[in-house]
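*Asks:* Dropping a prediction and its sequence here:
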Number of protein chains: 2
Amino acid sequence: MARSTRPTVYTVAEHARVSVATVSRALAAPHRVSEPTRRRVLDAIDSLGYVPHGGARSLAADSHRAHGLVLPELVGPYYSDLLMGYEREAATGGDSVVIALAGGELDHIASKLLRLAGSVDGIVVMGASALPRHALAAIRDQVPVLGLTGGAAQGLEVIGTQSVESACELTRHLIAHGRTRLAFVGDPALGEDIEGRYRGFCDALGPQAPEPVRVGPSEADGVAVAERMLAGELDVDGLVCANDELALGAMVTLAARGCRVPEDVAVVGWDDVMAARFVRPSLTTVRQPVTELGATAARRLRELIAAARTEQVAATPAPERLTTSVIYRRSCGCASDASNEQEKP
Amino acid sequence: MARSTRPTVYTVAEHARVSVATVSRALAAPHRVSEPTRRRVLDAIDSLGYVPHGGARSLAADSHRAHGLVLPELVGPYYSDLLMGYEREAATGGDSVVIALAGGELDHIASKLLRLAGSVDGIVVMGASALPRHALAAIRDQVPVLGLTGGAAQGLEVIGTQSVESACELTRHLIAHGRTRLAFVGDPALGEDIEGRYRGFCDALGPQAPEPVRVGPSEADGVAVAERMLAGELDVDGLVCANDELALGAMVTLAARGCRVPEDVAVVGWDDVMAARFVRPSLTTVRQPVTELGATAARRLRELIAAARTEQVAATPAPERLTTSVIYRRSCGCASDASNEQEKP
DNA sequence: CTGTTAGCGCATTCAA
DNA sequence: TTGAATGCGCTAACAG
């Protein structure tokens, strides 16, 4: 395990009675080595338990074969799907994924990003708007950087989903079914995705669209909003929430205090978390192709890296925003399905 | 961005009119450099936008300052908390985290693990039992390997939570409240955590404990189990499910078909997913300290790495299994709380 | 406190 | 098809 113990190309070369160059080739370009030689090398490799030193590789080859993935500390429930989509796609391209959470002191995270930039070929940043500009700037002239669901304001190319369209559809739907006092719950300043959702909300309502109810993104914030409603501070008959946690928090609180959902107030959310199917009334929400979102980001970053290596600006055009779909359930008061309907997971 | 462009220690040294050693020191051991010199170096560094090359560093220092984290492809909802706990703790120790998903063909993942082993100082493997033994063996003599929630069967030291105790408590609770025909839903062969839960179930029931209902871990599997019950193939009045997805799938299906929960059948799960609070009846389940689980693993791996470097076997004793807690709600039929109770998130 | 120097392990020329 | 030699960027002796 110690340096002295671990076999290197030299050990392998000696064992297989070839030169180190041949060992290297046998691994990286098998077709450039004769069959018998390659066998000898491969045998030596696994009889010795040889594992190439990643650092040495990236140094010599001037390529880390790794992506950095920067995530905000409080990501919603779809974290795992996103990561899965990302990692799979990255692995397909032979790259590994180094994650970094952007929590903690801003100062501290800047150096964290720099370190990351020294160990990967490119970086995908989710929640870029929360990062200090100078930190982003510093890594951007080291490696290609791609925004995930945000970062356009920082001048990043961004991979995202259609927020505006679905928000607009959702809001129109509520209007069409007679809701006249709608509110958007969530703070557009918290991220470009939320901002887009609010914009879609406004698009549907036109000039008389109300200001958003600016609250955090958690269930507790949803509860607080419901309490304001119950206290008479907020007079609405429909809540378009920036995510399902908010929606669930609000909905359950409302129901528990005698306010009927959807009869008195319609509630809709975003993300289609598992609880949205199980809560009663079931929650109308918007589903995003999260796994694909991750995969798309990985794929695109790979392109950007390749382009950077050949000095080209952009090989192919940036991907479109991914399609989302509104899942109509009962909390918006207009689903036609039976009360006890059970959905396929 | 190209190799020629990127500043190196030499560039910085020249710029600051010091030697490369001083540059290196100014970064790694600031106190070993005089104040004015350090200033010059630091100035040069950020005027040049210098970022150290991670590979070169790990090569020269014989340390990657990185942990590998291997995850099964289908991890439950607590993925994100786990990762958060892990990354935070790793970052605290100055290490970054490289993730690898263990999905895909077994053959392919073996080489993936090997590559990982060449780029990190140690590896934490979750779901080790699903990996081919030879793949595990190969990485184990490269770097320290720690199991997460499983891997004892492969001879790994493992970080985990108390499965047996909570399962036993839960089962006893059901028995105490008059349930006489209990079933354990889930396949103990799928992982040591499930195995432990089944063992606790058996401990509570004694010799007449039934065989487990061996099914997969998904909501759909829970639905299938419920259907078998409704078809009369399974005569039980209590379901101890290996996770919440199973429990939710079963419970909702049962309820939709006229079987009352908890009156006719009690249902309990594991993990305390968000939906467990929102479904009606709310689901009795077991909560694990997931974030802390991740942090504990990171901390322990760091210890193992340190021990390996100094040739010691184990500096400190392995951490205890983390404490879990049963969350009593209504699906087990014995909670005292009101029907419309609303929990704090 | 600072500089000089020698590798770390690998990929990659260039010759043979 | 193979081998010898060079350098990637950095750290860590060692010397001054």
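*Replies:* Structure's in. What do you need? Everything numeric in this text was worked out from a predicted model, so none of it was measured.

*Asks:* Going by C-alpha atoms from here, please, whenever you check contacts or count neighbours.
*Replies:* Fine.

*Asks:* Can you tell me the SS state at A:Val215?
*Replies:* Three-state call for A:Val215 (DSSP: H, G, I helix; E, B strand; the rest coil): coil.

*Asks:* That one: neighbouring residues, count only.
*Replies:* Neighbour count of A:Val215, defined by other CA atoms under 10 Å in any protein chain shown: 18.

*Asks:* That one is in contact with A:Val223, isn't it?
*Replies:* No - contact status for A:Val215 versus A:Val223: not in contact, 10.7 Å apart, counting by CA atoms under 8 Å.

*Asks:* Next one: the nearest residue to A:Gly147 once chain neighbours are set aside, what pLDDT does it get?
*Replies:* Leaving aside its chain neighbours, A:Gly147 sits nearest to A:Val158 (4.3 Å; criterion: CA to CA, 6 or more residues apart in numbering or on different chains). On pLDDT, A:Val158 comes in at 96.

*Asks:* mind checking which helix or strand A:Val158 is in?
*Replies:* A:Val158 is part of strand A:157-159 when elements are defined by DSSP states H and E.

*Asks:* list the contacts for the residue nearest to A:Gly147?
*Replies:* Going by CA atoms under 8 Å, 6 or more residues apart in numbering or on different chains, A:Val158 touches A:Leu146, A:Gly147, A:Leu148, A:Thr149, A:Gly150, A:Gly151, A:Ala152.

*Asks:* swap in A:Gly269?
*Replies:* Taking CA under 8 Å, 6+ apart as the test, what A:Gly269 contacts is A:240-248, A:283-286.

*Asks:* State the distance from it to DNA strand C.
*Replies:* 49 Å (CA to the nearest atom of the strand, to the nearest Å).

*Asks:* Could you measure from that residue over to A:Glu245?
*Replies:* A:Gly269 sits 8 Å away from A:Glu245, going by CA to CA, to the nearest Å.

*Asks:* Count the residues that sit near A:Ala152.
*Replies:* 16.

*Asks:* Return the backbone torsion pair for it.
*Replies:* Main-chain dihedrals, A:Ala152, degrees, to the nearest 10: phi -60, psi -40.

*Asks:* residues in contact with it?
*Replies:* A:Val158.

*Asks:* so who does the nearest residue to A:Val267 once chain neighbours are set aside touch?
*Replies:* Spatial nearest neighbour of A:Val267, chain neighbours left out: A:Leu239 (4.7 Å); criterion: CA to CA, 6+ apart. By CA under 8 Å, 6+ apart, the contact list for A:Leu239 reads A:Leu182, A:Ala183, A:Phe184, A:Val185, A:Ala247, A:Val265, A:Ala266, A:Val267, A:Val268.

*Asks:* how close does the spatially most central residue of chain A get to A:Gly294?
*Replies:* Taking CA atoms, centre = their mean, the centroid of chain A lies closest to A:Leu82, which sits 5.3 Å from it. From A:Leu82 across to A:Gly294, the span is 5 Å (CA to CA).

*Asks:* about what we covered before: from the contacts of A:Val158, pick the one nearest A:Glu195.
*Replies:* Compare each of those with A:Glu195 using CA to CA and the shortest gap goes to A:Gly150, at 9.8 Å.

*Asks:* what about the closest residue to that closest one other than its chain neighbours, how many neighbours?
*Replies:* Leaving aside its sequence neighbours, A:Gly150 sits nearest to A:Glu192 (CA to CA, 6+ apart; 5.1 Å). Counted with other CA under 10 Å, residues neighbouring A:Glu192 total 21.

*Asks:* same question, A:Ala231
*Replies:* 10.

*Asks:* gap between the two ends of stretch A:198-216?
*Replies:* Distance across stretch A:198-216, first residue to last, is 14 Å (CA to CA).

*Asks:* Run the chain-centre distance for it.
*Replies:* On the basis of CA atoms, centre = their mean, to the nearest Å, stretch A:198-216 sits 24 Å off its chain's mean C-alpha point.

*Asks:* Give me the contact list for it.
*Replies:* Contacts for stretch A:198-216 (CA under 8 Å, 6+ apart): A:163-172, A:182-188, A:190, A:221, A:240, A:242.

*Asks:* so what's the residue nearest to A:Val267 bridging to?
*Replies:* Taking DSSP bridges, one obtains A:Ala183, A:Val267 as the residues bridged to A:Leu239.

*Asks:* Please tell me how far it sits from A:Leu182.
*Replies:* Counting by CA to CA, the gap from A:Leu239 to A:Leu182 is 6 Å.

*Asks:* sorry, back to before: may I see the contacts of A:Leu239 organised as JSON lines, with neighbour count added?
*Replies:* Below are those laid out as JSON lines (neighbours: other CA atoms under 10 Å in any protein chain shown):
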{"residue": "A:Leu182", "neighbour count": "23"}
{"residue": "A:Ala183", "neighbour count": "23"}
{"residue": "A:Phe184", "neighbour count": "23"}
{"residue": "A:Val185", "neighbour count": "28"}
{"residue": "A:Ala247", "neighbour count": "32"}
{"residue": "A:Val265", "neighbour count": "22"}
{"residue": "A:Ala266", "neighbour count": "24"}
{"residue": "A:Val267", "neighbour count": "30"}
{"residue": "A:Val268", "neighbour count": "36"}
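
*Asks:* host element of A:Ala26?
*Replies:* helix A:20-28.

*Asks:* What parts of the stretch 51-200 of chain A come near DNA strand D?
*Replies:* By CA under 7 Å from any atom of the strand, the residues of the stretch 51-200 of chain A that approach DNA strand D are A:Ala56, A:Leu59, A:Ala60, A:Asp62.

*Asks:* wait, what's in contact with the first one?
*Replies:* When you say that, I think you mean A:Ala56. Neighbouring residues of A:Ala56 by CA under 8 Å, 6+ apart: B:Gly55, B:Ala56, B:Leu59.
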